[in-house]
Structure formats: C-alpha cells, structure tokens
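Enquirer: sequence and predicted model, in that order:
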Amino acid sequence: MSVFEHVAFDNHERVLFATDDKTGLKAIIGVHSTASGPACGGCRMWTYDDSNAALTDVLRLSQGMSYKNIMADLPIGGGKSVIMKPEGHFDRVALFEAFGRAVESLNGMYITAEDVGVSPDDMMYARRSTAHVVGLPEGKAASGDPSPVTAEGVFRGMKVCVERGLGKSDLSGVKVAIQGAAGHVGAYLAGHLAEAGAELFITDINEAGLQDLKAKHGATIVGLDEIYGLDVDVFAPCALGAVINPDTIDVIRAKVIAGAANNQLASREMGAELQRRGKIYAPDYVLNAGGIINVVGEIQGSYEPEWVRSKLVGLENTLGEILDMSDKEGRPSNLIADEIARTRIEDKKSVKETEIA
Ligand code: NAD
C-alpha cells in the first residue's frame, strides 16, 4: 500500500489508521484540510476488498469534503473516515465506542458524522468516547435530518441552471426526471418541484415510495434505465454515483443535469463530454452542500435557520458564477469548480500560515 504516493493523497494533512483488537475495529480517518477550521465529514462503514480500497475511498471522500465545504464558504475543513466492516457477528456498540476513541485522539482536528452504513444511533455510541461528533438525533443544537436542506439547495440550484439553459425564470412546465425519487433527498426535491409546477418523471427501486409520490404529485413512474433517455429538460441524479458515464452520456437528452448524488461523473473527463454535447452540468458538491450547511449550525452550538438560508443563497450565487465562467471560457463546469476550490484552500492555508508566523 502506498500512502504519500497514492494518486488521491493530494497533500492530506493527516491520515490516521486506527485498529482495536477487542472490537475488530479497522478504521482510516483522512484529514484533507483544516485551513478553514476542523475537518468535518461523515464516517462510512463498508465491506472493502482490502485496506487499499478503503484508503482510496477515504482519501477521495475526504478531498471531496474539503472542496464541498470551501465552496459553501463554511468555517470547517474537509475530512472523512471509513470503517472496514468486520466479517460475521460483531458488537456494534463497542465498535463505535472504539471508533470514537480514534476520533478523540485527533483532539478536535476531525469531526465525524454518519454516512453510508452508519446510523445516528452508531454516532451516539461514538459520542460516548468523543465530543467531536455531529448529526446526532438529540441534544442542544441537534440539526436533525439534513435531507430537506440538501433538497432545497438542489432545487434552488436547478432553477439557476434552468434559467441559463432554457431561459426560463421559473420551473412551471419544466420536465424533470428524478433518479432515486423515493429517497430522502429525492422525495423532498419532488415536493419542491411539484409545488413550482414542474412535470415530474420518477424512478427508484422502492416501488411503494414511487406510488406515494405519484399519488401526491401526479408524477409519471418510469423504468430504472428508461430515466436516462427521457425527453425532459432536467435530469436529477439523486441515487447513485457515476451515472454520467460512457454508457449513459449519449442517451441523456436533458439539457440540464442537476441532482444531489455525490460523484455523479464517472471520471472528470465526463464534464468535458457533457459540455461538448451542449449540456449544463451543476457540479455535484456545489449543488448538494445543503446537508453540510445544515450540520454546521450544530457545530457552532446553535441552530440558526436564517444563517442556513443565507448559505443556500450563497450556493445559488456560487453556482451561477461557475456556470457563467464555464460559458464565457468554454471550459467544463466541474473543472472550474475544482480550480476555485483548490485556490480557495491554498488562500486559506496562506492566511493561516501567516497568522501562525
Ligand atoms: P437515500 O438512500 O435516502 O436515497 C437514495 C434512493 O435511491 C433510494 O430511494 C433508493 O431506493 C434509490 N436507488 C437505489 N438504487 C437505485 C437505482 N439503481 N436506480 C434508482 N434508484 C435507486 O439517500 P439520500 O440521503 O436521499 O441521498 C441521495 C444521494 O444524495 C446520495 O448519493 C447521497 O450521497 C447524496 N447526498 C445526500 C445528502 C443528504 O443530505 N441526504 C447530502 C449530500 C449528498
């Protein structure tokens, strides 16, 4: 396993490998940047093929959180953690208590939360060993489910894209295809869109959830693969990553791609391919920052809905600037977003270094 030479290492400030014999814990915590504040990002528990796969995942995710957090201008840096899921039966409570001890050993440099495979209850167990946990279901500043705020950010950003792509200032009559419509974010997004008068086409593996949305909003249910080739204005990926890939890129007819899913592009080159095809792509980590914006209220110790709203307006403005630059310079929006994120992180680092000196 190479670490410093790893393609995704990208000057991580700290990478902690944590093990605990008693509980079977094998975890990696990636702290990509603390230039703007403590590194914040969720903990994912997954069955990885080996520790290389876990390392690759944590490094990519941790860098992604840095980019997301800096683009939303939040007072936090970027980090992430992964736990290699133990085989067979294991004591979940003890495992997360041990994970909490690993987080605590970083003295607040990293703040954890739940991610794929980890529940709010798991985080309550981790909380027994460390205070550096957010996204808790209860407590003074608990911010609760971040999905409604993520959905609101996606909705606002989608309007920005539609204005530029279709020349329409509202979403009435705009046809939107939502992948993962029955999920946490997808369902809230469907609600906003229906209220705005959009025509909805939905797919999911959760049939009951789809029927519910159909009854509520009169949405049209379509097949899992059918969603890509629909004659719609907007495609909103809200389920899986890597859905913009060589197999789907020529099938997608929507002018605008704007959804909540992380890592929608199978590779960075897909951004250029979308642009070549005249599409407007909203960089995922810019558009889906509502959830982390929501969580920051909890880190700050008081939850202020007005502050959250102002950050969502900031998200719209940032997205608008990226799309304008993309249009003016003829360069893909994903690369422009990456460049802005990297520059902002470097600027913050310089300021921090000057302060220390
Ligand atoms: P979720 O698990 O609640 O929803 C995902 C939905 O996708 C589920 O309804 C699932 O049945 C459906 N799905 C799974 N496989 C599918 C397939 N092959 N085709 C169609 N649908 C399928 O997750 P979520 O919290 O709503 O998050 C959705 C996406 O947004 C994820 O990629 C997540 O990482 C990202 N995201 C979520 C938040 C948040 O606040 N929840 C914040 C940022 C990013």
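Expert: Thanks, I have it.
Enquirer: got the residue ranges for the helices in this protein?
Expert: Assigned by DSSP state H, the helices in the chain fall at 51-71, 92-104, 120-127, 147-166, 184-195, 207-217, 269-276, 284-287, 290-299, 305-329, 333-356.
Enquirer: need the ones you listed in CSV with mean neighbour count, can you?
Expert: Every residue, glycine included, has its C-beta placed from N, CA and C. Shown next, in CSV, are the helices of the chain (neighbours: other Cβ atoms under 10 Å):
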stretch, mean neighbour count
helix 51-71, 22
helix 92-104, 21
helix 120-127, 19
helix 147-166, 23
helix 184-195, 22
helix 207-217, 15
helix 269-276, 18
helix 284-287, 26
helix 290-299, 24
helix 305-329, 16
helix 333-356, 16
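Enquirer: redo those as TSV? Include distance to Leu25.
Expert: Listed next are the helices of the chain as TSV, based on distance: least, Cβ to Cβ, whole Å:
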stretch	distance to Leu25
helix 51-71	12
helix 92-104	4
helix 120-127	11
helix 147-166	28
helix 184-195	28
helix 207-217	34
helix 269-276	36
helix 284-287	29
helix 290-299	24
helix 305-329	34
helix 333-356	30
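Enquirer: mean pLDDT and distance to Asp10 added to those helices, as a markdown table?
Expert: Below are the helices of the chain laid out as a markdown table (pLDDT from 0 to 100; distance: least, Cβ to Cβ, whole Å):
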| stretch | mean pLDDT | distance to Asp10 |
| --- | --- | --- |
| helix 51-71 | 95 | 5 |
| helix 92-104 | 98 | 22 |
| helix 120-127 | 92 | 26 |
| helix 147-166 | 96 | 25 |
| helix 184-195 | 97 | 27 |
| helix 207-217 | 98 | 37 |
| helix 269-276 | 97 | 18 |
| helix 284-287 | 96 | 15 |
| helix 290-299 | 87 | 19 |
| helix 305-329 | 96 | 21 |
| helix 333-356 | 89 | 9 |
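Enquirer: residues of the stretch 151-300 of the chain that sit close to the ligand?
Expert: Within the stretch 151-300 of the chain, the residues that sit near the ligand (Cβ under 6 Å from any ligand atom) are 179-180, 182-186, 203-206, 209, 224, 238-240, 260-262, 288, 291.
Enquirer: out of these, which end up buried?
Expert: The neighbour-count criterion (16 or more other Cβ atoms under 10 Å) marks 179-180, 182-186, 203-204, 206, 209, 238-239, 260-262, 288, 291 among those as buried.
Enquirer: give me the residue from the stretch 1-150 of the chain nearest the ligand.
Expert: The stretch 1-150 of the chain approaches the ligand most closely through Thr150 (3.5 Å), counting by Cβ to the nearest ligand atom.
Enquirer: my guess is that residue contacts Asp284. True?
Expert: No: with contact taken as Cβ atoms under 8 Å, Thr150 and Asp284 are classed as non-touching, separated by 11.1 Å.
Enquirer: what do the two both touch?
Expert: Applying Cβ atoms under 8 Å, 6 or more residues apart in numbering, one finds that Thr150 and Asp284 are jointly contacted by Ala260.
Enquirer: dump the residue contacts of whatever residue of the chain ends up closest to the ligand.
Expert: Going by Cβ to the nearest ligand atom, the ligand is nearest to Gly183 of the chain, at 2.0 Å. Taking Cβ under 8 Å, 6+ apart, we find Gly183 in contact with Asp204, Asn206, Gly209, Cys238, Ala239.
Enquirer: do Gly135 as well
Expert: Gly135 neighbours (Cβ under 8 Å, 6+ apart): Gly42, Ala113, Glu114, Pro120, Met123, Ser143, Pro146, Val295, Glu298.
Enquirer: ditto for Glu163
Expert: Ser169.
Enquirer: quick one: stretch 193-213 to chain centroid distance?
Expert: Centroid separation between stretch 193-213 and its chain, computed with Cα atoms, centre = their mean, to the nearest Å, is 21 Å.
Enquirer: got it, and stretch 68-81?
Expert: Worked out by Cα atoms, centre = their mean, stretch 68-81 lies 11 Å from the chain centre.
Enquirer: that one close to the ligand?
Expert: No: judged by Cβ under 6 Å from any ligand atom, stretch 68-81 makes no contact with the ligand; its nearest approach is 8.3 Å.
Enquirer: quick check: end-to-end length of that stretch?
Expert: 16 Å (Cα to Cα, to the nearest Å).
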